[in-house]
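Asks: How does the following fold in three dimensions:
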Amino acid sequence: MIHKAEEDYLKLIYEQTVEKNQMLVKNSDLAEAFGYTDQSVNDMIQKLKAKSLVKFIPYRGVHLTEKGMKEAKRLIRNHRIWEVFLSFKLNYSWTEVHAEAEKLEHASSDELIDHMDEYLGYPKYCNH
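Replies: Now for the predicted structure:
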């Protein structure tokens, strides 16, 4: 089982390595992004490593394993679908959408997301 805090790390590592095209993410960069201590980040990286979600290279940084990449993509998909649904079907404002989608992405079953994805016409992007 992956906890919300672990999921947040996976998403941030994904954003840094895939979307910003970095090979590795330094623990200090994660600490700065989250506002956590280096020790807290080190502890979490060890938990993620034990679950085979990340590969950690001492003194260099971290990147997602195939398993971690799959989980990060699932979370990003959940987030995108919730943002589209909240904005286009429930008329949430853009100032509200992201925070609500952030909460809902962690609590949604794959089955629910699949149904929502179909209902929304399989959106590839959100407008946010």
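
Asks: List the buried residues of the helix or strand of the chain at the bottom of the mean pLDDT ranking.
Replies: Sorting the helices and strands of the chain by mean pLDDT, DSSP states H and E puts helix 94-105 at the bottom, at a mean of 92. Neighbour counts over helix 94-105 (16 or more other CB atoms under 10 Å) mark V97, H98, E100, A101, E102, L104, E105 as buried. Bear in mind the C-beta positions are built from the backbone N, C-alpha and C, glycine included.

Asks: and the fourth one, what does it touch?
Replies: If a contact means CB atoms under 8 Å, 6 or more residues apart in numbering, then A101 has H79, W82, E83, L86 as its contacts.

Asks: Kindly present those as TSV, with separate columns for secondary structure and neighbour count.
Replies: Below are those laid out as TSV (DSSP: H, G, I helix; E, B strand; the rest coil; neighbours: other CB atoms under 10 Å):
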residue	secondary structure	neighbour count
H79	helix	21
W82	helix	24
E83	helix	24
L86	helix	21
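
Asks: so what does the helix or strand hosting D29 touch, helix or strand wise?
Replies: If you go by DSSP states H and E, D29 is part of helix 27-34. For helix 27-34, the elements it packs on are helix 4-14, helix 38-50, strand 61-64, judged by 3 or more CB pairs under 8 Å, 6 or more residues apart in numbering; DSSP states H and E.

Asks: which of those sits most buried?
Replies: strand 61-64 (a mean of 22; mean count of other CB atoms under 10 Å).

Asks: ok, and what's touching that strand?
Replies: Residues contacting strand 61-64 (CB under 8 Å, 6+ apart): 10, 13-14, 17, 23-27, 29-30, 45, 48, 53-56, 72.

Asks: Just the buried ones among the residues you listed, please.
Replies: Buried, going by 16+ other CB under 10 Å: 10, 13-14, 17, 24-25, 27, 29-30, 45, 48, 53-54, 72, out of the contacts of strand 61-64.

Asks: Show the contacting residues for A5.
Replies: Neighbours of A5 in contact, by CB under 8 Å, 6+ apart: M44.
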